[in-house]
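**Q** can't give you the sequence, but here's the structure:
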């Protein structure tokens, strides 16, 4: 009797590792914001969250190796959770003609040929170009030659086909300038544009990013402009809980009008999206990402409509 009982228990025990592994993946995906953000752990998890769906692959291999039927069925749970969280991101959105094309590009201070990066960016015909890590005069001159209106503050800049006014630095508390704002006269009414490069974030070091994000969010919240556009390398992924300081009140152009995740970093194999196009008082008709070469970031672009 005991031998037959042991035989009967084996299939159930065989299922346990696979079922538990599937449940762990579900909890990791659905409950990621419950993970404390100490030492940047929560931010790191959030930033690469879509990729955690790949954990179903080793779970599937475990189910195959143990011939676990219940484990195979349990695999559906993390798949359903992932699709529920990210499936809509993969659907085409947006539509219609834009009136204002905006682009943001971190040129990368170590870029061996930033002028070439700028040429490829300009070839996309943006009306507004926001640049971060601008440390090369040739790249700046090329932008100056292409766009009649410019504002440069420290290592960030804004170039525009339309007149700029009321330009000023935005203090992020870093001790040097990495953000600016200006009013763009689009012909359909002014748009307040912010360009920002927030503090860096590294494993165990997110304090600089968090402080600069809070300062920027406060500037946006207190800005009374009816139309506002924020462009830049925010060192904050679309899936990062910290971006909630800005969205809302701002809308993410990639989520509103893009197709896919719109990852921009690292450029060779993008896995996350620290580069953002956020807005209010406008509407996005399209959003995309472009590999402009040379930089460790890809460019983020959006086509926008400016209401009368």
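**A** Sure, I can see it. Not measured: the values here are computed from a predicted model.

**Q** surely residue 285 and residue 94 touch.
**A** Yes. If you go by Cβ atoms under 8 Å, residue 285 and residue 94 touch, sitting 5.1 Å apart. Placement of C-beta: from N, CA and C, glycine included.

**Q** find residues that contact each of the two.
**A** For the pair residue 285 and residue 94, residues contacting each of them under the criterion Cβ atoms under 8 Å, 6 or more residues apart in numbering are 257, 303.

**Q** distance from stretch 161-170 to the middle of the chain?
**A** Centroid separation for stretch 161-170 versus its chain: 25 Å, with Cα atoms, centre = their mean, to the nearest Å.

**Q** check which residues of it are buried.
**A** By 16 or more other Cβ atoms under 10 Å, the buried positions in stretch 161-170 come out as 161, 162, 164, 167, 170.

**Q** for residue 94, see how far away residue 77 is.
**A** 32 Å (Cβ to Cβ, to the nearest Å).

**Q** check contacts around the spatially most central residue of the chain.
**A** Most central in the chain under Cα atoms, centre = their mean is residue 273, positioned 2.9 Å from the mean C-alpha point. Listed by Cβ under 8 Å, 6+ apart, the contact partners of residue 273 are 237, 238, 254, 261, 262, 263, 264, 265, 300.

**Q** and the one helix or strand the last one maps to, which strands flank it?
**A** To tie it back to what came earlier, the one meant is residue 300. Assessed by DSSP states H and E, residue 300 sits inside strand 299-305. Strand pairing for strand 299-305, using DSSP bridges, gives strand 100-106 (antiparallel), strand 283-290 (antiparallel).

**Q** please state the offset of the last one from the chain centre?
**A** Translated: strand 283-290. Mean-position distance between strand 283-290 and its chain equals 13 Å (Cα atoms, centre = their mean).

**Q** pull the residues that contact that strand.
**A** When contacts are taken as Cβ under 8 Å, 6+ apart, the neighbours of strand 283-290 outside the stretch itself are 94-98, 103, 120-121, 124, 251, 253-254, 256-258, 262-264, 270, 277, 298-305, 307.

**Q** minimum distance to residue 52: which of the strands paired with strand 299-305 has it?
**A** Between residue 52 and the strands paired with strand 299-305, the tightest spacing by Cβ to Cβ is seen for strand 283-290, at 21.2 Å.
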